[in-house]
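Engineer: Structural data only, the sequence is not supplied:
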């Protein structure tokens, strides 16, 4: 099969996932950047700091910042890889992500949390990237961590779908664990932010899995596509 045909075949296999992906991106923007906009408009209504004793002993390890920035590229690749290999799993992950991100948006709205950055003098490029990361957004809404949501979604997707290549699954799970660790080692999150992300993500995924919501969502999507195709045929006649 020629390269052009392979690309066309791959696109035809994953194009159904484009709209779910865009819906997820919308949930991300509404839940996170919507609350950032509220913060910028009305100011901080009063933050709390979900810090425990363990957080005081976690060191700053700047090189973890590279894993931190791997979160969304790895998430996008894994999302469409699952879409290509396992349609049912894709819809379960899609629903889990959307619901979890919207839950986090509600938590951000009613309970602001803030992470105070440590005193740190950057020397290397990596150090400067960490400091730039701290200043790139307002230091609020860290409980739960949406970076951890993405990492846990990748782990769940790779562990629940046996159709993915074993070497990719190992690679993606390893990188996701490093991403989760990066959130505390570059001092972006507290330890409890990770725990909250894990609890919410696993609970939502379990509900989607037990009640077969992914399959139901897939059926609705397939019927909508079929109706669209039928209407298109009628217009062409």
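Structural biologist: The structure has been received and is ready for your questions. Note that the structure is a prediction, hence the values are computed from the model and not measured.
Engineer: residue ranges with poor pLDDT in the chain?
Structural biologist: Flagging of the chain using pLDDT under 70 yields the residue ranges 1-2, 42-47, 138-139, 141, 232, 234, 236-237.
Engineer: can you pull the contacts of the residue nearest the centre of it?
Structural biologist: Of all residues in the chain, the one closest to the mean position by Cα atoms, centre = their mean is residue 150, 2.6 Å from it. Residues near residue 150 by Cβ atoms under 8 Å, 6 or more residues apart in numbering: 71-72, 74-75, 97, 179. No exception for glycine: its C-beta is placed from N, CA and C like everyone else's.
Engineer: ok, of those, which come out buried?
Structural biologist: 71, 74-75, 97, 179 (16 or more other Cβ atoms under 10 Å).
Engineer: can you put these in a markdown table and add secondary structure?
Structural biologist: Listed next are the buried ones among the contacts of residue 150 as a markdown table, based on DSSP: H, G, I helix; E, B strand; the rest coil:
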| residue | secondary structure |
| --- | --- |
| 71 | helix |
| 74 | helix |
| 75 | helix |
| 97 | helix |
| 179 | helix |
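Engineer: does the spatially closest residue to residue 72 that is not a sequence neighbour sit in a helix, a strand or a coil?
Structural biologist: Sequence neighbours aside, residue 150 is the residue nearest to residue 72 in space, at 6.5 Å (criterion: Cβ to Cβ, 6 or more residues apart in numbering). Per three-state DSSP, the local secondary structure of residue 150 is helix.
Engineer: For residue 28, see how far away residue 150 is.
Structural biologist: Using Cβ to Cβ, to the nearest Å, we find residue 150 at a distance of 9 Å from residue 28.
Engineer: Residue 217 now?
Structural biologist: Distance of residue 217 to residue 28, given as Cβ to Cβ: 18 Å.
Engineer: do the same with residue 93
Structural biologist: Residue 93 sits 14 Å away from residue 28, going by Cβ to Cβ.
Engineer: So if I had to pick from those two, which one is more boxed in?
Structural biologist: Taking neighbours as other Cβ atoms under 10 Å, residue 93 and residue 28 compare with residue 93 leading, 27 against 21.
Engineer: Enumerate every residue touching that one.
Structural biologist: By Cβ under 8 Å, 6+ apart, the contact list for residue 93 reads 79, 82, 153, 156-157, 205, 214.
Engineer: Same list, these, but as JSON lines with secondary structure please.
Structural biologist: JSON lines is the format used below for the contacts of residue 93 (three-state DSSP):
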{"residue": "79", "secondary structure": "helix"}
{"residue": "82", "secondary structure": "helix"}
{"residue": "153", "secondary structure": "helix"}
{"residue": "156", "secondary structure": "helix"}
{"residue": "157", "secondary structure": "helix"}
{"residue": "205", "secondary structure": "helix"}
{"residue": "214", "secondary structure": "helix"}
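Engineer: Quick check: of those, which lies closest to residue 48?
Structural biologist: Within those, the smallest distance to residue 48 is 26.4 Å, found for residue 153 (Cβ to Cβ).
Engineer: pretty sure that closest one contacts residue 96?
Structural biologist: Yes - assessed by Cβ atoms under 8 Å, residue 153 is found in contact with residue 96 at 6.3 Å.
Engineer: Are there residues contacting both of those two? Which ones?
Structural biologist: What both residue 153 and residue 96 touch, as defined by Cβ under 8 Å, 6+ apart, is the set residue 201.
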